[in-house]
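Peer 1: The sequence and its predicted three-dimensional model are supplied below.
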Amino acid sequence: MHRNLPERLTSVVFVSFLITDVQELQLVNGPSRCAGRVEVLHNQQWGTVCDHDWDLQDAGVVCRQLGCGTALSAPGGAQFGQGSDPIWLDDVHCTGTEAALSKCKPWGDSNCHHGEDAGVVNGALPSEPVMTPR
């Protein structure tokens, strides 16, 4: 049986929301929380940053994101040891005004090896106490 249904007005509702991709950042193998090899957490896995084009502007973004003051240097060549996880960032080009390193470059694009892991040395003490083992 065929019924003649009244024409229905179909509404389409577009729901838009922003999913915040929580990016984490740490400096490892350095003398404090504010100096060391740069590591980022992406897709639930820690990885390193390549030193290609790594400079003080990039390091400055890391320092600001970690609350570590001003960047004194942006050493490359795995000065703080080689990582073993993925190299998540390469050819980073921060302007220096970004709130987070994750805003400087897309993830997962790299032609590096871990002998080129990037580091940061900050000129200020960390904004929170660093506990050192005895």
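Peer 2: Now that the structure is in, tell me what you want to look at. If you're wondering where the values come from, they're calculated on a predicted model, not measured in any experiment. Residues are numbered from 1 along each chain as shown.

Peer 1: show me what contacts the residue lying closest to residue 100 once chain neighbours are set aside?
Peer 2: Computed as C-beta to C-beta, 6 or more residues apart in numbering, the closest residue to residue 100 that is not its neighbour in sequence is residue 65, at 5.1 Å. The C-beta positions use only the backbone N, C-alpha and C, and glycine is treated the same way. Residues near residue 65 by C-beta atoms under 8 Å, 6 or more residues apart in numbering: 25, 99, 100, 101.

Peer 1: How far away from the center of its chain is the lowest-mean-pLDDT helix or strand in the chain?
Peer 2: Using mean pLDDT, DSSP states H and E, the weakest-scoring helix or strand in the chain turns out to be strand 87-89, at a mean of 90. Put simply, strand 87-89 sits 9 Å off its chain's centre (C-alpha atoms, centre = their mean, to the nearest Å).

Peer 1: Following element in sequence after it, please.
Peer 2: For strand 87-89, the succeeding helix or strand toward the C-terminus, using DSSP states H and E, is strand 119-122.

Peer 1: Buried residues, that following strand. List them.
Peer 2: Within strand 119-122, the residues that count as buried by 16 or more other C-beta atoms under 10 Å are 119, 120, 121, 122.

Peer 1: so how many other residues sit close to residue 38?
Peer 2: 29 (other C-beta atoms under 10 Å).
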